[in-house]
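*Asks:* Sequence and predicted structure below; questions after.
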Amino acid sequence: MKPTIPRSKPGAYGPIVHFDRLLFSLQSDDQRDRQETLEALSNILFHQRTFYPATPVAIPFLIHLLDKPDLPNKGGLLYFLCDLAEINNADEDPAYQELITQTLAALRQGRVIFEQLADDADPRAQRAAKELLYVLFEGGKVDSF
């Protein structure tokens with residue numbers, strides 16, 4: 001079964017019709033493909049630092065990718081998740097607050113994987129995992145880490 005995001009959970013530009021292709025591109029051997037895919041995900045799921053209904057739905061798929069030992073650029077994906085975790089909760093709209101709550105809950109589900117990656121052989125992945133754990137579970141901000 002291919003990973004999909006329901007049409008009822010749009011991203012910044014509407015339904016995400018080829019989410020499985022984005023996940024595949026994150027696993028590419030081509031660094032440029034991976035970087036462009038991270039940028040596309042950021043635009044779709046977190047455009048102008050705003051969450052969308054697709055954001056918390058997509059996170060478990062991204063976390064699952066991090067569990068693959070041969071995934072290139074784990075640090076880049078972890079830093080993207082860290083950006084999501086650092087959202088400012090100042091919005092007073094109850095529906096948006098619920099979206100923030102759902103997104104943070106989805107991120108926190110990756111704790112075991114993030115803890116494993118804190119000891120990864122790749123120093124960038126190590127640091128990003130530690131920063132993500134710090135933000136999610138200690139309430140810190142990366143710039144103060």
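*Replies:* Sure, I can see it.

*Asks:* where's the residue lying farthest from the centre of the chain relative to residue 53, distance?
*Replies:* Checked against the mean C-alpha position of the chain, the extreme residue using C-alpha atoms, centre = their mean is residue 92, at a distance of 23.4 Å. For residue 92, the distance to residue 53 equals 19 Å [C-beta to C-beta, to the nearest Å]. Yep, even glycine has a C-beta here, placed from its N, CA and C like the rest.

*Asks:* Repeat that for residue 16.
*Replies:* Distance from residue 16 to residue 53, by C-beta to C-beta: 10 Å.

*Asks:* Looking at the two, which has the bigger crowd around it?
*Replies:* residue 16 (24 against 16; other C-beta atoms under 10 Å).

*Asks:* For residue 105, the count of nearby residues, please.
*Replies:* Residue 105 has 11 nearby residues by other C-beta under 10 Å.

*Asks:* Could I get the contacting residues of it?
*Replies:* residue 56 (C-beta atoms under 8 Å, 6 or more residues apart in numbering).

*Asks:* and the closest residue in space to residue 133 that isn't next to it in sequence, what pLDDT?
*Replies:* Nearest residue to residue 133 in three dimensions, chain neighbours excluded: residue 114, at 5.3 Å (C-beta to C-beta, 6 or more residues apart in numbering). Residue-level confidence at residue 114 comes out at 98, pLDDT.

*Asks:* Who are the packing partners of the host helix or strand of residue 114?
*Replies:* Using DSSP states H and E, residue 114 maps to helix 111-117. Helices and strands touching helix 111-117, by 3 or more C-beta pairs under 8 Å, 6 or more residues apart in numbering; DSSP states H and E, are helix 54-66, helix 74-85, helix 123-138.

*Asks:* picking up where we left off before, quickly list what's touching both of residue 16 and residue 53.
*Replies:* Going by C-beta under 8 Å, 6+ apart, residues that sit against residue 16 and also against residue 53 are residue 10.
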